[in-house]
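Peer 1: Curious how this folds, go ahead:
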Amino acid sequence: MPEPVAVIAPRVRDARDAARRLEAQPLAGAPLVPCTPASYLRLESGPSRIVLCAPAGEPDRAAAFLRRWADRLLWPAPPSDLHRAIDGIRPAIRSPRRLRGPRPAAPRRRHASARLLEGTVDAPRAAAALEAGEPLDWIVESARHVRLDARALSELASRGVRWSALEPVELVGVYGPASLARSRASWARGLPRGVPFWSQGPGG
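Peer 2: Okay, the predicted model is just below:
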């Protein structure tokens, strides 16, 4: 059976409606899990494949939703040398699978080092890691395991923290109003290349 896919929309009823409509799309056969962004991040073992569902109405609002949650969830894999080093101490971790149009791995730096944060990363743990100082490249198991709000993430970014994930979230598609397809250039920045767009209009 195909891996499950989280269908993420601003409201749970919109996510449920999108999941029903997407059953007829190429995702047919994959279990679809309707979520809001908040409920997805609360899942202990949520799907690593997602569809982002843009809200209908104002195009700017739809574009902002897509950019915000792509930035929050689609963290790159760590550089391959660091991933291999982690594999050596955690043999159960597999190298990240090849995603469709993934974001590039975090840029490799000379004498690269990073801080591995296993399990859940909440505000006290992030504060302790920051107080410990370098390195500021933080590797987590998944973006889903980070329990920090947008303000905390922005503050960490301003202090130089860069995130990567051993299990990257894969964006398998975007679902939204047909009008959004005509303005793709305005909202697709930062999204993986080649991700399909499925319309809410008649015929998909």
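
Peer 1: Please make it C-alpha for all contacts and neighbour counts, starting now.
Peer 2: Fine.

Peer 1: in the chain, what spans have low per-residue confidence?
Peer 2: Scanning the chain with the threshold set as pLDDT under 70 gives 25-26, 28, 81-112, 201-204.

Peer 1: and the longest strand along the chain, what does it pack onto?
Peer 2: Longest strand in the chain by number of residues, with DSSP state E as the criterion: strand 170-176. Where contact means 3 or more Cα pairs under 8 Å, 6 or more residues apart in numbering; DSSP states H and E, strand 170-176 is packed against strand 49-53, strand 197-199.

Peer 1: and it, how far out from the chain's middle?
Peer 2: On the basis of Cα atoms, centre = their mean, to the nearest Å, strand 170-176 is displaced by 11 Å from the centre of the chain it belongs to.

Peer 1: Equivalent analysis for stretch 62-80, please.
Peer 2: That offset, for stretch 62-80, works out to 5 Å (Cα atoms, centre = their mean).

Peer 1: Can you list the buried residues in the helix or strand following the longest strand of the chain?
Peer 2: Using DSSP states H and E, the helix or strand that follows strand 170-176 in sequence is helix 178-181. With burial defined by 16 or more other Cα atoms under 10 Å, the residues of helix 178-181 counted as buried are Ala178, Leu180, Ala181.

Peer 1: okay, the helices and strands packed on strand 170-176, which one's buried deepest?
Peer 2: strand 49-53 (a mean of 25; mean count of other Cα atoms under 10 Å).
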